[in-house]
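[1] Provided below for reference: sequence and predicted model.
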Amino acid sequence: MLRTLFPLETAASFTLRLFGGALLLCALAALAALLLRRRRIARLAGVAAALVAAGWLTLHATRPAWLRFALATPVPAPRADFGGWTARAPGLETADIELSVDGRWVDHIALCRLDPRRHRFTVHWDETRARTVEQWQQALGAEVVINGSYFLPDGSPQTPLRSDGRAIGPARYTSIHGAFVAGDGVGILDLKGKNVLDAIAPFPQAMVSYPLLVDEAREVRAPPSRDWLASRSFVAIDQEGRVILGTTRSGFFTLRRLGDYLKTAPLGIRVALNFDGGPVASQMVKAGAFERVVIGNAEITDGGDVARVFYQAHRTSRWTLPIVLAVTPR
């Protein structure tokens with residue numbers, strides 16, 4: 001019922017709508033009770049209002065460390081613990097970066113590095129929006145699956161895609177950012193000043209997305225934003241031409257902050273493109289005996305939306321993914 005009254009995946013503050021709405025109801029109940037000379041009811045409404053306010057203050061006081069540091073002025077640079085790459089299969093490696101500030105955990109980046117000479121990259125769209133990342137992996141028999149670009153509420157692609165040579169998504173689209181493309185090789189195209197559909201047409205697999213976190217000129221093309229905090233997924237190409245897929249767990253990174261971090265991270269990234277994020281940020285690796293599933297758990301556009309943060313951190317249901325990028329051995 002609460003989810004119907006207060007949709008959690010909208011930009012509006014869930015905290016303000018939930019707690020502010022409850023306080024307003026308490027105030028109206030108290031006013032009506034006083035007008036009707038029902039003082040006991042008025043006192044009960046006052047107690048209820050105090051409990052609602054106490055709940056609001058408690059959620060604010062117990063905000064996770066990542067949110068407190070992400071909203072600090074200035075935002076402190078996190079310490080990164082990177083243990084290096086571990087081979088899981090021929091041409092497939094994984095790594096993890098733990099990020100902390102003053103000894104407090106703020107985020108985790110799950111990474112997968114792939115040799116495109118040994119792997120095939122394919123774009124998939126399921127209009128029924130019925131599969132979680134694990135179900136996609138099982139259906140495709142893929143070694144790696146990661147959520148793709150943006151989609152509309154009905155699951156249809158918001159950006160142009162190409163899947164096995166078939167065009168999917170909007171027939172007209174303008175972009176100043178990028179597209180991940182794959183065929184005989186892989187790449188991230190800069191679409192600024194180009195006709196998007198013409199640029200991706202030569203490739204059997206393509207996924208337009210935004211923003212370009214790092215372009216070929218080493219510029220971060222993500223716009224500045226203070227309060228859009230979310231779990232992130234991205235695709236990158238390193239200096240050796242390998243593909244790096246990454247997914248973060250918390251909402252510590254704005255898009256600009258993520259781009260700035262990837263420029264200096266010890267990953268040798270040449271160019272990086274953002275995919276969709278928030279609770280849809282999903283990555284699964286299954287190679288031999290190794291298996292890892294990483295799911296994002298945060299997205300807010302209002303730093304004070306502590307009820308949404310609490311809900312997302314504790315939700316057990318998984319988002320289903322209409323669009324994914326899958327990786328299989330050649």
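    It's in.

[2] quick one: Val235 and Gln283, what's the gap?
    11 Å (CB to CB, to the nearest Å). C-beta: built from backbone N, CA, C; applies to glycine.

[3] what is in contact with these two at once?
    Ile146, Leu245, Gly246 (CB atoms under 8 Å, 6 or more residues apart in numbering).

[4] now Ala53, nearest residue through space, not along the chain?
    Leu23 (6.8 Å; CB to CB, 6 or more residues apart in numbering).

[5] That neighbour: how many residues sit nearby?
    For Leu23, the neighbour count with other CB atoms under 10 Å is 16.

[6] Assumed it was part of a helix.
    Yes: assessed by DSSP: H, G, I helix; E, B strand; the rest coil, Leu23 belongs to a helix.

[7] That one contacts Val52, doesn't it?
    Yes: shown here, Leu23 and Val52 form a contact pair, counting by CB atoms under 8 Å, at 5.5 Å.

[8] so who does the most centrally placed residue in the chain touch?
    For the chain, Gly277 is the residue whose C-alpha lies nearest the centre (CA atoms, centre = their mean; 1.8 Å). Taking CB under 8 Å, 6+ apart, we find Gly277 in contact with Ala230, Ser231, Arg232, Ser233, Gly296, Glu299.

[9] would you list every one of the strands in the stretch 151-300 of the chain?
    Assignment of strands within the stretch 151-300 of the chain using DSSP state E, counting those that start in this stretch yields the ranges 161-163, 166-168, 178-182, 186-190, 205-209, 212-214, 229-230, 233-238, 243-248, 269-274, 282-287, 290-295, 299-300.

[10] how distant is the last one from the center of its chain?
    Centre-to-centre, strand 299-300 and its host chain are 9 Å apart (CA atoms, centre = their mean, to the nearest Å).

[11] I'd like the average pLDDT over the helix or strand that it is followed by.
    Counting by DSSP states H and E, the next helix or strand C-terminal to strand 299-300 is helix 306-314. The predicted model assigns helix 306-314 a mean pLDDT of 93.

[12] Which residues does the helix or strand following helix 306-314 contact?
    Under the assignment DSSP H and E, the closest C-terminal helix or strand after helix 306-314 is strand 323-329. Here strand 323-329 makes contact (CB under 8 Å, 6+ apart) with 89-92, 112, 114, 118-125, 133, 136-137, 140-149, 151, 157, 161, 180, 207, 235, 245, 275-276.

[13] I'd say Ala49 and Leu23 touch.
    Yes: the criterion here is CB under 8 Å, and Ala49 meets it with Leu23 at 5.7 Å.

[14] Quick check: the nearest residue to Thr174 once chain neighbours are set aside vs Val208, distance?
    Excluding the flanking residues, the one nearest Thr174 by CB to CB, 6+ apart is Val196, at 6.7 Å. As for Val196, its distance to Val208 is 6 Å (criterion: CB to CB).

[15] ok, now Ser13?
    Applying CB to CB to Ser13 and Val208 gives a distance of 30 Å.
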